[in-house]
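Colleague: Fold the following.
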Amino acid sequence: MAEISSSPSLSASKVMTHIFLPFAFGHCTSFLFRNINAVLAPFLISAMSLSAGQLGILSSAYFFSFSLAQLPVGLALDRYGPKRVQLTLLGVAVAGAVLFGIGHSFTTLLLARILIGLGLAACFMGSIKVLSFWVPVRKLPSIHGYLLAAGGLGAMLSTLPVAWLVGFISWRTLFFVMAGITLMVMLAIALWVPKDPVEHKMVKWPSLASLLEVYKDRAFRKVISLLLLPHTVAFGLQGLWMGKWLQDVGQYSIAETSVYLFIGMGAVVVGSLSVGAVTQWAGKFNIKPLDVGGIGIALFLAVQVLCALNIVPLLPALSIGFTLIGTIAGLEYTIVAQNVSPAMTGRAATCLNLLILFGAFLTQTLFGVIIGFWPMDAAGHYPQIAYQAAFGFMILLQAPGFFKWLVGVMKRGSLKTADDSL
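Modeller: I've put the predicted structure just below:
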(Lines give C-alpha, C1' and ligand atoms only; values in the text may rest on other atoms or scores of the structure.)
Protein backbone atom coordinates (compact mmCIF):
# COMPACT_ATOMS: atom_id res chain seq x y z
CA MET A 1 0.00 0.00 0.00
CA ALA A 2 2.87 2.36 0.65
CA GLU A 3 3.61 2.74 -3.05
CA ILE A 4 0.11 3.53 -4.30
CA SER A 5 0.14 7.29 -3.96
CA SER A 6 2.24 9.32 -6.37
CA SER A 7 1.47 12.55 -4.53
CA PRO A 8 3.62 13.53 -1.55
CA SER A 9 0.58 15.12 0.09
CA LEU A 10 -1.49 11.93 0.27
CA SER A 11 -0.66 8.63 1.91
CA ALA A 12 -1.50 5.34 0.24
CA SER A 13 -4.41 4.77 2.60
CA LYS A 14 -5.89 8.19 1.80
CA VAL A 15 -5.63 7.52 -1.92
CA MET A 16 -7.77 4.44 -1.34
CA THR A 17 -10.29 5.97 1.07
CA HIS A 18 -10.53 9.54 -0.27
CA ILE A 19 -10.20 8.90 -4.02
CA PHE A 20 -10.65 5.29 -5.02
CA LEU A 21 -13.59 4.33 -2.80
CA PRO A 22 -15.89 7.30 -3.65
CA PHE A 23 -15.36 6.86 -7.40
CA ALA A 24 -15.59 3.05 -7.17
CA PHE A 25 -18.89 3.52 -5.29
CA GLY A 26 -20.15 5.49 -8.28
CA HIS A 27 -18.95 2.84 -10.74
CA CYS A 28 -20.70 0.12 -8.73
CA THR A 29 -23.91 2.18 -8.74
CA SER A 30 -23.74 2.65 -12.51
CA PHE A 31 -23.67 -1.13 -13.07
CA LEU A 32 -26.58 -1.57 -10.70
CA PHE A 33 -28.62 0.93 -12.75
CA ARG A 34 -27.43 -0.61 -16.01
CA ASN A 35 -28.73 -4.13 -15.34
CA ILE A 36 -31.66 -3.53 -13.00
CA ASN A 37 -34.36 -3.59 -15.70
CA ALA A 38 -33.63 -7.24 -16.47
CA VAL A 39 -35.02 -8.19 -13.04
CA LEU A 40 -37.76 -5.55 -13.03
CA ALA A 41 -39.05 -6.42 -16.51
CA PRO A 42 -42.12 -8.41 -15.35
CA PHE A 43 -43.11 -5.62 -12.94
CA LEU A 44 -42.71 -2.91 -15.59
CA ILE A 45 -44.68 -4.89 -18.15
CA SER A 46 -47.49 -5.48 -15.67
CA ALA A 47 -47.66 -1.94 -14.26
CA MET A 48 -47.14 -0.01 -17.50
CA SER A 49 -48.63 -2.48 -20.03
CA LEU A 50 -45.40 -2.38 -22.02
CA SER A 51 -44.94 -4.38 -25.19
CA ALA A 52 -41.77 -6.39 -25.76
CA GLY A 53 -40.59 -3.72 -28.20
CA GLN A 54 -41.18 -0.93 -25.68
CA LEU A 55 -39.34 -2.86 -22.99
CA GLY A 56 -36.37 -3.34 -25.31
CA ILE A 57 -36.31 0.36 -26.18
CA LEU A 58 -36.62 1.32 -22.53
CA SER A 59 -33.68 -0.87 -21.48
CA SER A 60 -31.42 0.11 -24.38
CA ALA A 61 -32.09 3.83 -23.84
CA TYR A 62 -29.50 3.71 -21.06
CA PHE A 63 -26.82 2.50 -23.45
CA PHE A 64 -27.93 4.97 -26.11
CA SER A 65 -27.48 8.07 -23.95
CA PHE A 66 -24.47 6.57 -22.17
CA SER A 67 -22.73 5.98 -25.51
CA LEU A 68 -23.59 9.38 -26.98
CA ALA A 69 -22.20 11.08 -23.90
CA GLN A 70 -18.81 9.35 -24.00
CA LEU A 71 -16.88 11.71 -26.29
CA PRO A 72 -18.25 14.94 -24.76
CA VAL A 73 -17.55 13.51 -21.31
CA GLY A 74 -13.97 12.72 -22.31
CA LEU A 75 -13.46 16.29 -23.46
CA ALA A 76 -15.00 17.64 -20.25
CA LEU A 77 -12.88 15.39 -18.03
CA ASP A 78 -9.69 16.74 -19.57
CA ARG A 79 -10.91 20.35 -19.40
CA TYR A 80 -12.74 20.55 -16.05
CA GLY A 81 -11.47 17.54 -14.12
CA PRO A 82 -13.18 14.34 -12.89
CA LYS A 83 -14.54 15.69 -9.61
CA ARG A 84 -16.52 18.56 -11.15
CA VAL A 85 -17.76 16.52 -14.09
CA GLN A 86 -18.81 13.56 -11.92
CA LEU A 87 -20.73 15.72 -9.44
CA THR A 88 -22.58 17.53 -12.23
CA LEU A 89 -23.61 14.38 -14.08
CA LEU A 90 -24.57 12.42 -10.96
CA GLY A 91 -27.10 15.16 -10.24
CA VAL A 92 -28.67 14.34 -13.62
CA ALA A 93 -28.77 10.63 -12.65
CA VAL A 94 -30.57 11.47 -9.40
CA ALA A 95 -33.19 13.44 -11.35
CA GLY A 96 -33.59 10.51 -13.76
CA ALA A 97 -34.05 7.98 -10.95
CA VAL A 98 -36.71 10.13 -9.27
CA LEU A 99 -38.50 10.68 -12.59
CA PHE A 100 -38.49 6.91 -13.24
CA GLY A 101 -40.02 6.32 -9.82
CA ILE A 102 -42.89 8.76 -10.41
CA GLY A 103 -43.38 8.09 -14.12
CA HIS A 104 -46.75 6.83 -15.29
CA SER A 105 -46.21 6.65 -19.05
CA PHE A 106 -43.76 4.97 -21.39
CA THR A 107 -42.53 8.37 -22.61
CA THR A 108 -41.75 9.51 -19.06
CA LEU A 109 -39.89 6.31 -18.22
CA LEU A 110 -37.95 6.56 -21.49
CA LEU A 111 -36.87 10.12 -20.71
CA ALA A 112 -35.91 9.05 -17.18
CA ARG A 113 -33.82 6.16 -18.47
CA ILE A 114 -32.03 8.49 -20.90
CA LEU A 115 -31.23 10.87 -18.05
CA ILE A 116 -29.92 8.01 -15.92
CA GLY A 117 -27.60 6.87 -18.71
CA LEU A 118 -26.35 10.40 -19.27
CA GLY A 119 -25.85 10.99 -15.57
CA LEU A 120 -23.74 7.86 -15.11
CA ALA A 121 -21.67 8.31 -18.26
CA ALA A 122 -18.57 9.53 -16.38
CA CYS A 123 -18.51 6.96 -13.57
CA PHE A 124 -15.89 4.69 -15.08
CA MET A 125 -14.06 7.22 -17.24
CA GLY A 126 -13.94 9.72 -14.39
CA SER A 127 -12.44 7.03 -12.17
CA ILE A 128 -9.77 6.23 -14.76
CA LYS A 129 -8.97 9.93 -15.04
CA VAL A 130 -8.72 10.68 -11.32
CA LEU A 131 -6.64 7.57 -10.63
CA SER A 132 -4.15 8.63 -13.32
CA PHE A 133 -3.40 11.70 -11.16
CA TRP A 134 -2.70 9.88 -7.90
CA VAL A 135 -1.57 6.33 -8.75
CA PRO A 136 1.87 5.46 -10.20
CA VAL A 137 1.90 3.79 -13.60
CA ARG A 138 3.25 0.53 -12.17
CA LYS A 139 0.27 0.31 -9.81
CA LEU A 140 -2.47 1.00 -12.38
CA PRO A 141 -3.14 -2.68 -13.30
CA SER A 142 -4.05 -3.54 -9.71
CA ILE A 143 -6.09 -0.42 -9.00
CA HIS A 144 -7.96 -0.75 -12.30
CA GLY A 145 -8.67 -4.37 -11.38
CA TYR A 146 -10.22 -3.20 -8.12
CA LEU A 147 -12.31 -0.70 -10.08
CA LEU A 148 -13.57 -3.32 -12.54
CA ALA A 149 -14.38 -5.55 -9.57
CA ALA A 150 -16.53 -2.76 -8.13
CA GLY A 151 -18.49 -2.76 -11.38
CA GLY A 152 -18.87 -6.53 -11.16
CA LEU A 153 -20.18 -6.15 -7.63
CA GLY A 154 -22.82 -3.71 -8.91
CA ALA A 155 -23.79 -6.22 -11.60
CA MET A 156 -24.15 -8.92 -8.95
CA LEU A 157 -26.35 -6.68 -6.81
CA SER A 158 -28.64 -6.08 -9.79
CA THR A 159 -29.59 -9.77 -10.03
CA LEU A 160 -30.71 -11.94 -7.10
CA PRO A 161 -30.48 -9.18 -4.42
CA VAL A 162 -32.78 -6.87 -6.43
CA ALA A 163 -35.17 -9.77 -7.09
CA TRP A 164 -35.28 -10.38 -3.33
CA LEU A 165 -35.75 -6.70 -2.49
CA VAL A 166 -38.75 -6.16 -4.79
CA GLY A 167 -40.52 -8.81 -2.76
CA PHE A 168 -40.71 -6.23 0.05
CA ILE A 169 -40.88 -2.85 -1.70
CA SER A 170 -42.36 -1.68 -5.02
CA TRP A 171 -40.21 -1.03 -8.05
CA ARG A 172 -41.05 2.67 -7.74
CA THR A 173 -39.75 2.77 -4.19
CA LEU A 174 -36.65 0.95 -5.37
CA PHE A 175 -35.84 3.78 -7.76
CA PHE A 176 -36.25 6.33 -4.98
CA VAL A 177 -33.78 4.24 -2.98
CA MET A 178 -31.44 4.27 -5.98
CA ALA A 179 -31.73 8.05 -6.15
CA GLY A 180 -30.74 8.18 -2.48
CA ILE A 181 -27.74 5.90 -3.09
CA THR A 182 -26.61 8.17 -5.94
CA LEU A 183 -26.88 11.17 -3.64
CA MET A 184 -24.63 9.34 -1.19
CA VAL A 185 -22.06 8.89 -3.98
CA MET A 186 -22.23 12.62 -4.69
CA LEU A 187 -21.69 13.49 -1.03
CA ALA A 188 -18.73 11.12 -0.78
CA ILE A 189 -17.06 12.68 -3.82
CA ALA A 190 -17.85 16.24 -2.75
CA LEU A 191 -16.60 15.82 0.82
CA TRP A 192 -13.75 13.32 0.53
CA VAL A 193 -12.11 13.69 -2.87
CA PRO A 194 -9.37 16.36 -2.88
CA LYS A 195 -8.84 18.88 -5.64
CA ASP A 196 -7.14 17.57 -8.76
CA PRO A 197 -3.37 18.08 -8.75
CA VAL A 198 -3.63 19.47 -12.29
CA GLU A 199 -4.73 23.05 -12.87
CA HIS A 200 -7.46 22.51 -15.44
CA LYS A 201 -7.80 26.21 -16.16
CA MET A 202 -4.45 25.91 -17.89
CA VAL A 203 -5.60 22.93 -19.97
CA LYS A 204 -6.74 23.95 -23.42
CA TRP A 205 -10.22 22.78 -24.39
CA PRO A 206 -9.61 19.72 -26.59
CA SER A 207 -10.96 19.77 -30.11
CA LEU A 208 -12.56 16.97 -32.08
CA ALA A 209 -9.27 16.75 -33.94
CA SER A 210 -7.61 15.83 -30.65
CA LEU A 211 -10.02 12.89 -30.36
CA LEU A 212 -8.92 11.68 -33.78
CA GLU A 213 -5.35 11.85 -32.54
CA VAL A 214 -6.25 9.18 -29.99
CA TYR A 215 -7.53 6.81 -32.67
CA LYS A 216 -4.47 7.52 -34.82
CA ASP A 217 -2.05 6.79 -32.00
CA ARG A 218 0.02 3.69 -32.82
CA ALA A 219 0.05 2.36 -29.25
CA PHE A 220 -3.73 2.82 -28.96
CA ARG A 221 -4.34 0.90 -32.19
CA LYS A 222 -1.95 -1.86 -31.12
CA VAL A 223 -3.92 -2.40 -27.92
CA ILE A 224 -7.35 -2.47 -29.52
CA SER A 225 -6.23 -4.79 -32.32
CA LEU A 226 -5.69 -7.51 -29.71
CA LEU A 227 -8.18 -6.74 -26.94
CA LEU A 228 -11.11 -4.75 -28.36
CA LEU A 229 -13.03 -7.55 -30.09
CA PRO A 230 -12.60 -10.05 -27.23
CA HIS A 231 -13.77 -7.30 -24.85
CA THR A 232 -16.89 -6.60 -26.90
CA VAL A 233 -17.64 -10.34 -27.20
CA ALA A 234 -17.24 -10.87 -23.45
CA PHE A 235 -19.29 -7.78 -22.62
CA GLY A 236 -21.98 -8.32 -25.24
CA LEU A 237 -22.62 -12.05 -24.94
CA GLN A 238 -22.45 -12.22 -21.15
CA GLY A 239 -25.01 -9.44 -20.90
CA LEU A 240 -27.60 -11.10 -23.14
CA TRP A 241 -26.93 -14.44 -24.80
CA MET A 242 -25.21 -16.61 -22.20
CA GLY A 243 -28.48 -17.11 -20.33
CA LYS A 244 -30.37 -17.99 -23.49
CA TRP A 245 -27.61 -20.41 -24.47
CA LEU A 246 -27.91 -22.20 -21.12
CA GLN A 247 -31.69 -22.49 -21.53
CA ASP A 248 -31.71 -23.55 -25.19
CA VAL A 249 -28.75 -25.92 -25.31
CA GLY A 250 -28.52 -27.03 -21.69
CA GLN A 251 -32.30 -27.05 -21.07
CA TYR A 252 -31.82 -25.27 -17.74
CA SER A 253 -34.77 -23.54 -16.10
CA ILE A 254 -34.99 -19.78 -15.62
CA ALA A 255 -34.24 -20.19 -11.91
CA GLU A 256 -31.17 -22.34 -12.58
CA THR A 257 -29.99 -19.96 -15.26
CA SER A 258 -30.35 -16.99 -12.88
CA VAL A 259 -28.13 -18.73 -10.34
CA TYR A 260 -25.43 -19.45 -12.93
CA LEU A 261 -25.56 -15.87 -14.19
CA PHE A 262 -25.27 -14.58 -10.62
CA ILE A 263 -22.20 -16.76 -10.09
CA GLY A 264 -20.89 -15.47 -13.42
CA MET A 265 -21.20 -11.90 -12.18
CA GLY A 266 -19.23 -12.96 -9.12
CA ALA A 267 -16.61 -14.38 -11.47
CA VAL A 268 -16.27 -10.90 -12.98
CA VAL A 269 -15.28 -9.59 -9.55
CA VAL A 270 -12.78 -12.40 -9.00
CA GLY A 271 -11.41 -12.10 -12.52
CA SER A 272 -10.98 -8.33 -12.33
CA LEU A 273 -9.04 -8.60 -9.07
CA SER A 274 -6.93 -11.45 -10.41
CA VAL A 275 -6.05 -9.71 -13.69
CA GLY A 276 -4.59 -6.73 -11.86
CA ALA A 277 -2.61 -8.89 -9.46
CA VAL A 278 -1.31 -11.19 -12.20
CA THR A 279 -0.31 -8.28 -14.42
CA GLN A 280 1.57 -6.58 -11.61
CA TRP A 281 3.29 -9.87 -10.72
CA ALA A 282 4.24 -10.47 -14.37
CA GLY A 283 5.83 -7.02 -14.47
CA LYS A 284 8.46 -8.24 -12.02
CA PHE A 285 9.64 -10.58 -14.77
CA ASN A 286 9.51 -7.84 -17.45
CA ILE A 287 6.40 -9.34 -19.02
CA LYS A 288 4.43 -6.46 -20.53
CA PRO A 289 0.70 -6.01 -19.80
CA LEU A 290 -0.08 -6.45 -23.51
CA ASP A 291 1.58 -9.88 -23.45
CA VAL A 292 -0.37 -10.82 -20.33
CA GLY A 293 -3.45 -9.83 -22.31
CA GLY A 294 -2.38 -11.97 -25.26
CA ILE A 295 -2.00 -15.06 -23.06
CA GLY A 296 -5.38 -14.36 -21.52
CA ILE A 297 -7.02 -14.01 -24.94
CA ALA A 298 -5.60 -17.42 -25.91
CA LEU A 299 -7.42 -18.90 -22.90
CA PHE A 300 -10.58 -16.94 -23.70
CA LEU A 301 -10.60 -18.26 -27.27
CA ALA A 302 -10.15 -21.79 -25.93
CA VAL A 303 -13.23 -21.36 -23.71
CA GLN A 304 -15.23 -20.14 -26.71
CA VAL A 305 -14.17 -23.15 -28.75
CA LEU A 306 -15.50 -25.38 -25.95
CA CYS A 307 -18.71 -23.32 -25.89
CA ALA A 308 -19.10 -23.92 -29.63
CA LEU A 309 -18.81 -27.67 -29.08
CA ASN A 310 -21.98 -27.55 -26.89
CA ILE A 311 -20.77 -30.11 -24.35
CA VAL A 312 -23.93 -30.01 -22.21
CA PRO A 313 -22.51 -31.19 -18.85
CA LEU A 314 -19.85 -28.46 -19.09
CA LEU A 315 -22.22 -25.60 -19.96
CA PRO A 316 -22.56 -24.11 -16.43
CA ALA A 317 -18.78 -24.21 -15.90
CA LEU A 318 -18.16 -22.74 -19.35
CA SER A 319 -20.64 -19.91 -18.79
CA ILE A 320 -18.79 -18.97 -15.59
CA GLY A 321 -15.39 -19.47 -17.23
CA PHE A 322 -16.46 -17.25 -20.11
CA THR A 323 -17.07 -14.30 -17.77
CA LEU A 324 -14.09 -15.10 -15.53
CA ILE A 325 -11.46 -15.29 -18.27
CA GLY A 326 -13.16 -12.64 -20.39
CA THR A 327 -12.20 -10.04 -17.77
CA ILE A 328 -8.64 -10.17 -19.14
CA ALA A 329 -9.78 -7.87 -21.95
CA GLY A 330 -10.32 -5.11 -19.38
CA LEU A 331 -6.53 -4.72 -19.36
CA GLU A 332 -6.84 -2.42 -22.35
CA TYR A 333 -7.98 0.41 -20.06
CA THR A 334 -4.79 0.03 -18.03
CA ILE A 335 -2.50 -0.26 -21.04
CA VAL A 336 -4.01 2.81 -22.70
CA ALA A 337 -3.76 4.80 -19.45
CA GLN A 338 -0.10 3.80 -19.13
CA ASN A 339 0.75 4.99 -22.63
CA VAL A 340 -0.87 8.44 -22.81
CA SER A 341 -0.15 11.63 -20.91
CA PRO A 342 -2.30 12.50 -17.85
CA ALA A 343 -3.81 15.43 -19.78
CA MET A 344 -5.11 13.00 -22.39
CA THR A 345 -6.38 10.08 -20.30
CA GLY A 346 -9.97 11.32 -20.26
CA ARG A 347 -10.20 11.41 -24.04
CA ALA A 348 -8.31 8.13 -24.50
CA ALA A 349 -10.48 6.26 -22.00
CA THR A 350 -13.74 7.55 -23.45
CA CYS A 351 -12.64 6.85 -27.04
CA LEU A 352 -11.90 3.30 -25.95
CA ASN A 353 -15.16 2.97 -24.04
CA LEU A 354 -17.13 4.21 -27.04
CA LEU A 355 -15.59 1.49 -29.19
CA ILE A 356 -16.38 -1.15 -26.56
CA LEU A 357 -20.00 -0.07 -26.14
CA PHE A 358 -20.59 0.12 -29.88
CA GLY A 359 -18.80 -3.19 -30.39
CA ALA A 360 -20.88 -4.87 -27.68
CA PHE A 361 -24.04 -3.68 -29.42
CA LEU A 362 -22.78 -5.11 -32.73
CA THR A 363 -21.72 -8.47 -31.28
CA GLN A 364 -25.05 -8.86 -29.47
CA THR A 365 -26.86 -8.09 -32.72
CA LEU A 366 -24.68 -10.32 -34.93
CA PHE A 367 -24.97 -13.24 -32.52
CA GLY A 368 -28.75 -12.90 -32.58
CA VAL A 369 -28.92 -12.53 -36.36
CA ILE A 370 -26.88 -15.70 -36.86
CA ILE A 371 -29.00 -17.68 -34.42
CA GLY A 372 -32.12 -16.37 -36.15
CA PHE A 373 -31.23 -18.23 -39.34
CA TRP A 374 -32.55 -21.36 -37.60
CA PRO A 375 -36.18 -21.65 -36.47
CA MET A 376 -37.21 -22.05 -32.84
CA ASP A 377 -38.90 -25.22 -31.66
CA ALA A 378 -42.32 -25.34 -29.99
CA ALA A 379 -40.77 -24.50 -26.61
CA GLY A 380 -39.07 -21.38 -27.98
CA HIS A 381 -35.55 -22.88 -28.07
CA TYR A 382 -33.02 -22.47 -30.87
CA PRO A 383 -31.10 -25.60 -31.97
CA GLN A 384 -27.54 -26.37 -30.92
CA ILE A 385 -26.20 -25.82 -34.44
CA ALA A 386 -27.33 -22.20 -34.31
CA TYR A 387 -25.15 -21.50 -31.29
CA GLN A 388 -22.24 -23.41 -32.81
CA ALA A 389 -22.39 -21.16 -35.86
CA ALA A 390 -22.70 -18.00 -33.76
CA PHE A 391 -19.81 -18.86 -31.44
CA GLY A 392 -17.73 -19.92 -34.42
CA PHE A 393 -18.27 -16.57 -36.10
CA MET A 394 -17.27 -14.71 -32.92
CA ILE A 395 -14.06 -16.76 -32.75
CA LEU A 396 -13.23 -15.92 -36.37
CA LEU A 397 -13.64 -12.21 -35.63
CA GLN A 398 -11.16 -12.32 -32.76
CA ALA A 399 -8.59 -14.63 -34.35
CA PRO A 400 -6.76 -12.10 -36.63
CA GLY A 401 -5.90 -9.76 -33.76
CA PHE A 402 -4.67 -12.65 -31.62
CA PHE A 403 -2.49 -14.11 -34.38
CA LYS A 404 -1.09 -10.67 -35.16
CA TRP A 405 0.02 -10.38 -31.52
CA LEU A 406 1.38 -13.93 -31.57
CA VAL A 407 3.47 -13.25 -34.68
CA GLY A 408 4.84 -10.13 -33.03
CA VAL A 409 5.84 -12.13 -29.93
CA MET A 410 7.58 -14.73 -32.10
CA LYS A 411 9.48 -12.02 -33.98
CA ARG A 412 10.62 -10.43 -30.73
CA GLY A 413 11.71 -13.84 -29.49
CA SER A 414 13.72 -14.55 -32.63
CA LEU A 415 15.39 -11.15 -32.48
CA LYS A 416 16.32 -11.69 -28.84
CA THR A 417 17.80 -15.09 -29.69
CA ALA A 418 19.85 -13.55 -32.49
CA ASP A 419 21.12 -10.83 -30.12
CA ASP A 420 22.06 -13.42 -27.50
CA SER A 421 24.03 -15.42 -30.08
CA LEU A 422 26.05 -12.33 -30.91
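Colleague: quick check: mean pLDDT across stretch 132-141?
Modeller: Across stretch 132-141, pLDDT averages out at 81.
Colleague: Sketch out the helices for the stretch 101-250 of the chain, chain order is fine.
Modeller: Taking DSSP state H, counting those that start in this stretch as the criterion, the stretch 101-250 of the chain contains helices spanning 106-119, 123-134, 140-157, 160-165, 171-192, 208-216, 218-238, 241-249.
Colleague: okay, those, which one's buried deepest?
Modeller: Stretch with highest mean neighbour count among those: helix 123-134 (a mean of 27; mean count of other C-beta atoms under 10 Å). Bear in mind the C-beta positions are built from the backbone N, C-alpha and C, glycine included.
Colleague: Below-threshold pLDDT in the protein: ranges please.
Modeller: Across the chain, the ranges flagged by pLDDT under 70 are 1-10, 38, 52-53, 56, 198-211, 239-240, 341-346, 413-422.
Colleague: before we move on, back to that, tell me which of the helices of the stretch 101-250 of the chain lies nearest to Gly408.
Modeller: When the helices of the stretch 101-250 of the chain are compared by C-beta to C-beta, helix 218-238 sits nearest Gly408, at 8.8 Å.
Colleague: What angle do helix 140-157 and that closest one make with each other?
Modeller: Taking axes from the mean of the first three to the mean of the last three C-alpha atoms, to 10 degrees, one finds helix 218-238 and helix 140-157 inclined to each other by 20 degrees.
Colleague: quick one: helix 218-238 to helix 241-249, angle?
Modeller: Using the same axes, to 10 degrees: helix 218-238 against helix 241-249 is 40 degrees.
Colleague: now the helices of the stretch 101-250 of the chain as CSV including distance to Gly276?
Modeller: Listed next are the helices of the stretch 101-250 of the chain as CSV, based on distance: least, C-beta to C-beta, whole Å:
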stretch, distance to Gly276
helix 106-119, 27
helix 123-134, 12
helix 140-157, 2
helix 160-165, 25
helix 171-192, 23
helix 208-216, 24
helix 218-238, 15
helix 241-249, 24
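Colleague: Show me what counts as buried in whichever helix in the chain runs longest.
Modeller: Secondary structure assigned by DSSP state H gives helix 384-421 as the longest helix of the chain. Residues of helix 384-421 classed as buried: 384, 386-391, 394-395, 397-398, 401-402, 405 (neighbour count, 16 or more other C-beta atoms under 10 Å).
Colleague: quick one: that helix to helix 218-238, angle?
Modeller: Angle of helix 384-421 versus helix 218-238, following the same axes, to 10 degrees, is 150 degrees.
Colleague: Remind me what helix 384-421 packs against, helices and strands.
Modeller: Judged by 3 or more C-beta pairs under 8 Å, 6 or more residues apart in numbering; DSSP states H and E, the packing partners of helix 384-421 are helix 218-238, helix 241-249, helix 289-308, helix 345-371.
Colleague: Between helix 289-308 and it, find me the angle.
Modeller: Using the same axes, to 10 degrees: helix 384-421 against helix 289-308 is 150 degrees.
Colleague: thinking again about what came up before, dump the buried residues of helix 384-421 into TSV; add distance to Arg221 as well.
Modeller: Shown next, in TSV, are the buried residues of helix 384-421 (distance: C-beta to C-beta, whole Å):
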residue	distance to Arg221
Gln384	37
Ala386	34
Tyr387	32
Gln388	32
Ala389	30
Ala390	28
Phe391	27
Met394	21
Ile395	22
Leu397	17
Gln398	16
Gly401	11
Phe402	15
Trp405	13
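Colleague: so which of those residues would you say is closest to Ser59?
Modeller: Of all the buried residues of helix 384-421, Ser59 sits closest to Ala390, with 21.4 Å by C-beta to C-beta.
Colleague: so who does the closest one touch?
Modeller: 241, 366-367, 370-371 (C-beta atoms under 8 Å, 6 or more residues apart in numbering).
Colleague: which residues sit in contact with the residue nearest to Cys351 when sequence neighbours are not counted?
Modeller: Excluding its sequence neighbours, the residue lying closest to Cys351 (C-beta to C-beta, 6 or more residues apart in numbering) is Val214, at 4.5 Å. Each residue near Val214 by C-beta under 8 Å, 6+ apart is listed here: 220, 340, 344, 347-348, 351.
Colleague: can you rerun that using 10 Å?
Modeller: 74, 206, 220-221, 336, 340, 344, 347-352 (C-beta atoms under 10 Å, 6 or more residues apart in numbering).
Colleague: Now, of those residues, which are buried?
Modeller: Using 16+ other C-beta under 10 Å, the buried ones in these are 74, 206, 220, 336, 340, 344, 347-352.
Colleague: Out of these, which comes closest to Pro22?
Modeller: Distances from Pro22 to the buried ones among the contacts of Val214, taken by C-beta to C-beta, are shortest for Ala349, at 18.0 Å.
Colleague: From Phe168, how far off is Ala47?
Modeller: Between Ala47 and Phe168 the distance is 17 Å, computed by C-beta to C-beta, to the nearest Å.
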